[in-house]
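*Asks:* Predicted model and sequence below, questions to follow.
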Amino acid sequence: MNTDTASAPAFRYAAVTFDCADPAELARFYGELLGFPVLFSSDDFVMIGQQGAAGLGFNRLAGYRPPTWPDPAQEKQAHIELGVDDLEAAEKRLLDLGATKPGFQPDPERWRVLLDPAGHPFCVTTLV
């Protein structure tokens, strides 16, 4: 194993990218939610975030199939955790933006699982 870090390239976290059917719609949802502007946009990819900081990307995938959480038929591979002070108000805002709420909620007093417009599950957690 080479431990010489003097010649190693510098890496930094840049973004998480989600596959979806409609990158513009998913970027609109998360952009409004997080207050992030669009940094790059094409027909097949949109990146949102703050200049110089990590962001979120949305990539058009032909034949995209949304996760079926909690049914494991089409597993989720990752999800975002959002911290909030007021769980009820946050849930209402997210639903107004276009999120949906599945019937199964593992611990609704502590966190809520919602689905973004492309069907990706994400969690909203109360900050303690």
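*Replies:* That came through fine.

*Asks:* could I have the worst-scoring helix or strand of the chain on mean pLDDT exported to PDB, CA atoms only?
*Replies:* Of the helices and strands making up the chain, the lowest-confidence element is strand 81-84, at a mean of 87, by mean pLDDT, DSSP states H and E. This file holds the C-alpha atoms of strand 81-84, laid out as PDB (Å, rounded to 0.1, in the frame of the first residue of the first chain):
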ATOM      1  CA  GLU A  81     -31.800  13.200   6.000                       C
ATOM      2  CA  LEU A  82     -33.100  16.700   6.700                       C
ATOM      3  CA  GLY A  83     -33.000  18.200  10.200                       C
ATOM      4  CA  VAL A  84     -35.800  20.500  11.300                       C
END
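
*Asks:* in its sheet, what does that strand sit against?
*Replies:* Taking DSSP bridges as the criterion, strand 81-84 forms sheet pairs with strand 121-126 (parallel).

*Asks:* Mind listing residues that contact the partner strand?
*Replies:* By C-beta atoms under 8 Å, 6 or more residues apart in numbering, the surrounding residues in contact with strand 121-126 are 67, 69, 76, 79-85, 87, 90-91, 94, 99, 102, 110-116. Using the backbone N, CA and C atoms, a C-beta is placed for each residue, glycine as well.

*Asks:* Now it: buried residues?
*Replies:* Buried residues in strand 121-126, counting neighbours by 16 or more other C-beta atoms under 10 Å, are found at 121-124.

*Asks:* Check the residues you listed against residue 48 and report the nearest one.
*Replies:* Of all the buried residues of strand 121-126, residue 48 sits closest to residue 122, with 14.9 Å by C-beta to C-beta.

*Asks:* Tell me what that closest one is bridged to.
*Replies:* Here residue 122 shows beta-bridge partners residue 114, assigned using DSSP bridges.
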